[in-house]
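J.: the following block contains a protein sequence and its predicted model.
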Amino acid sequence: MNDPADTRNPSQPPPSQSDPSPASGSARRSSKTVDVLERAASRDGAVQTMDRRLFMNLMVLSVPVGEQPSAFVAAARRALEEEGIAAVLYADTNDPRRIGWLSWHEQPSHFVDVVRPLFEREILRDLETVPEFTMLGRTYSTGYEPDLEFWLLRRPLETVLNPEWPWAIWYPLRRRGAFGRLSGREQGSILREHAEIGRAYGEQDLAHDVRLACHGLDTQDNDFVIGLVGASLHRLSHVVQAMRKTQQTAEYIEKMGPFFVGKAIFRSPGATDAAEQRAPRK
């Protein structure tokens, strides 16, 4: 388990732009280069770079009062299987009428072009989304991953699809602006404390994480989406408790949550297997 971080390996130049606005109307050409690649530690003598990442979307859906949640779960499973869509369905631990729907793809258009039409089906059209629990993010590198492709594309799927890890806690978080003004050395020291705790939980098979960046993708202006996955809900709660004592959480996290707590009731790797996911995009 690792800490959400946007600090980079020294071999990775930081993205930059001359104008803080998303699109400058000035005719003056910027001399700075914007780098959108994901980068990681050197491998076989070369710095790893990749312009691919996985987008993951969690929706929480509410079953209408008077209807049986099991009927909607069955309909959702049927739709996902018929269309070959990769997803995990969760039973919401805090609300018996709610279902968590997690799906993913390298292309974000998948959520609009493929997943969205499923909710036009007769029974699924009656589901209502719970907006405060909608989470969308993308995998990203910290700059130190030994195998960049595995960490960006395959590890998140192995985590959420593992049948031995049915419990999940998903939540967004936003850092205070003061963290971004710290020097790289100060940020690194703070993040190492956080990461060492997370790594210990992961190595002992107590909790495993999915970390996603959601800058500009989150309706509440959060920075990251975190998924904690494991065999025991108590252990997932325990790691959240342990992290509260770190300097990053105690001093530099402005907001965490809301927290979605669910247990997987259906998993589908989808018709698109790992080999197809790795195929070059046209």
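T.: Okay, I see it. Numbers count the residues shown, from 1 in each chain.
J.: for this protein, longest helix please?
T.: helix 184-203 (DSSP state H).
J.: what is the helix or strand just after that one packed up against?
T.: Once the chain leaves helix 184-203, the next helix or strand it forms, by DSSP states H and E, is strand 208-213. If contacts are counted by 3 or more C-beta pairs under 8 Å, 6 or more residues apart in numbering; DSSP states H and E, strand 208-213 sits against strand 135-138, helix 155-161, helix 184-203, strand 224-230. In this view, the C-beta of every residue, glycine as well, is placed from N, C-alpha and C.
J.: what's the average pLDDT for the longest helix of the chain?
T.: For helix 184-203, the mean per-residue pLDDT is 89.
J.: in it, what's buried?
T.: Residues of helix 184-203 classed as buried: Q187, I190, L191, H194, A195, I197, G198, Y201, G202 (neighbour count, 16 or more other C-beta atoms under 10 Å).
J.: could you check how far the first one is from G143?
T.: Okay, so that is Q187. Distance, Q187 to G143, by C-beta to C-beta, to the nearest Å: 12 Å.
J.: could you do the fifth one as well?
T.: Look at A195 and G143: by C-beta to C-beta, they are 12 Å apart.
J.: shaky segments in the chain?
T.: 1-27, 272-282 (pLDDT under 70).
J.: all the helices of it, in order from the start?
T.: 69-83, 109-110, 148-149, 155-161, 177-180, 184-203, 233-243, 247, 274-277.
J.: output the contacting helices and strands for the fifth one.
T.: Translated: helix 177-180. Looks like helix 177-180 contacts no helix or strand (3+ C-beta pairs under 8 Å, 6+ apart).
J.: list the buried residues for that helix?
T.: Those would be F179, for helix 177-180 by 16+ other C-beta under 10 Å.
J.: now find how far off-centre it is within its chain.
T.: 21 Å (C-alpha atoms, centre = their mean, to the nearest Å).
J.: which residue is nearest the centroid of the chain?
T.: L212 (3.4 Å; C-alpha atoms, centre = their mean).
J.: ok, the nearest residue to that one once chain neighbours are set aside - contacts?
T.: Ranked by C-beta to C-beta, 6 or more residues apart in numbering and with sequence neighbours excluded, the top spatial neighbour of L212 is G137, at 2.7 Å. Residues near G137 by C-beta atoms under 8 Å, 6 or more residues apart in numbering: F55, M56, L212, A213, C214, L217, D218, F224, V225.
J.: ok, L148 next?
T.: L148 touches E38, R39, A40, R43, Q48, T49, M50, S141, counting by C-beta under 8 Å, 6+ apart.
J.: over to E83?
T.: V114, L118 are the contacts of E83 under C-beta under 8 Å, 6+ apart.
J.: would a markdown table of the helices and strands packed on strand 208-213 with distance to A86 be doable?
T.: As requested, the helices and strands packed on strand 208-213 are exported to a markdown table (distance: least, C-beta to C-beta, whole Å):
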| stretch | distance to A86 |
| --- | --- |
| strand 135-138 | 16 |
| helix 155-161 | 8 |
| helix 184-203 | 23 |
| strand 224-230 | 15 |
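J.: closest one to S30 among those?
T.: helix 184-203 (23.5 Å; C-beta to C-beta).
J.: how about residues contacting stretch 242-259?
T.: With C-beta under 8 Å, 6+ apart, stretch 242-259 has contacts from 3, 132-133, 169-176, 178-179, 190-191, 193-194, 197-198, 201, 220, 222.
J.: cool, thanks, signing off.
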